[in-house]
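Chemist: Sequence plus the predicted model coming up.
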Amino acid sequence: MILRIGWGIVVAVTVSPPVDPFLDASMSRHMLLQMPLLVGLGYAAASIWPIPRCRLAPLGLSCIFFAMGSLLFWMLPRSLDTAVTVAWVDQIMHANMLLAGGSLAIGLPRLSFHTKMACGVYSLAMTMTAGVVYTVASVPVCSTYSLQQQNDAGALLFRIGIVIFVALVGRGAFLLRSYGDSDPNSRAAPQPGN
């Protein structure tokens, strides 16, 4: 009960004044702080409320695609501008990010290791591509943010994407190595005479 109340308070504070206008005022804070925070809160909701968990892998994959599509949509310049300038669209974005986090919590446990890695790499590729576009653009692609804010947000987005990519690949290599060490078929056969 305490966790649910705390979760509700954090969500309410994040999407209400003065915190929401403060986060919306900067492209970096909007894309790299508020959106991931809402996704994380949506993911955390799965452990606080009893959310039905799908047992079919294709349905789990659909949840992942929904989350990836939601994040990609709200990173588009037109979507960002509308979310900042239109209050009800901003609230839809908040709800969508919470649902995206919940979808990840439902879908990820049902996917194989290889599918998780593929989705992670694809998502990071999209993120880093958006970062490059925002960094190298010589004119503002978002009318609500300055060119400097746009370039700064793009550079941060690209750097964060690289860090997460390295961490993801490193974790994947570690898990594959652990799996290989624990697989009895991967052990070398004893040599004659030993």
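Modeler: Yep, that arrived.

Chemist: tell me the SS of the residue minimising distance to the centre of the chain?
Modeler: The residue lying closest to the centre of the chain (Cα atoms, centre = their mean) is Pro36, at 6.1 Å. Per DSSP: H, G, I helix; E, B strand; the rest coil, the secondary structure class of Pro36 is helix.

Chemist: now the helix or strand hosting Leu175, how far from the centre of its chain.
Modeler: In this structure, Leu175 sits in helix 147-182 according to DSSP states H and E. Computed by Cα atoms, centre = their mean, to the nearest Å, the chain-centroid distance of helix 147-182 equals 12 Å.

Chemist: In terms of secondary structure, what does it contact?
Modeler: helix 27-29, helix 113-136 (3 or more Cβ pairs under 8 Å, 6 or more residues apart in numbering; DSSP states H and E). In this view, the C-beta of every residue, glycine as well, is placed from N, C-alpha and C.

Chemist: hmm, back to that, what's the separation between the residue nearest to the centre of the chain and Ala173?
Modeler: Computed as Cβ to Cβ, to the nearest Å, the Pro36 to Ala173 distance reads 25 Å.

Chemist: Over to Leu33?
Modeler: 30 Å.

Chemist: Compare the two (neighbour count), which wins?
Modeler: Leu33 (14 against 10; other Cβ atoms under 10 Å).

Chemist: In contact with the more buried one, which residues?
Modeler: The contact partners of Leu33, taken as Cβ atoms under 8 Å, 6 or more residues apart in numbering, are Leu23.

Chemist: Equivalent analysis for Val141, please.
Modeler: 77, 133-134, 150.

Chemist: these two touch, right, Leu72 and Met126?
Modeler: Yes. Using Cβ atoms under 8 Å, Leu72 is in contact with Met126, at 5.7 Å.

Chemist: What's the separation between the nearest residue to Phe113 once chain neighbours are set aside and Gly107?
Modeler: Spatial nearest neighbour of Phe113, chain neighbours left out: Leu175 (6.6 Å); criterion: Cβ to Cβ, 6 or more residues apart in numbering. Leu175 sits at a distance of 19 Å from Gly107 (criterion: Cβ to Cβ).

Chemist: try Gly40
Modeler: 16 Å.

Chemist: Next: Leu147.
Modeler: Per Cβ to Cβ, Leu147 is found 37 Å from Gly107.

Chemist: who's more crowded, these two?
Modeler: The neighbour comparison of Leu147 against Gly107 (other Cβ under 10 Å) goes to Gly107, with 24 against 14.
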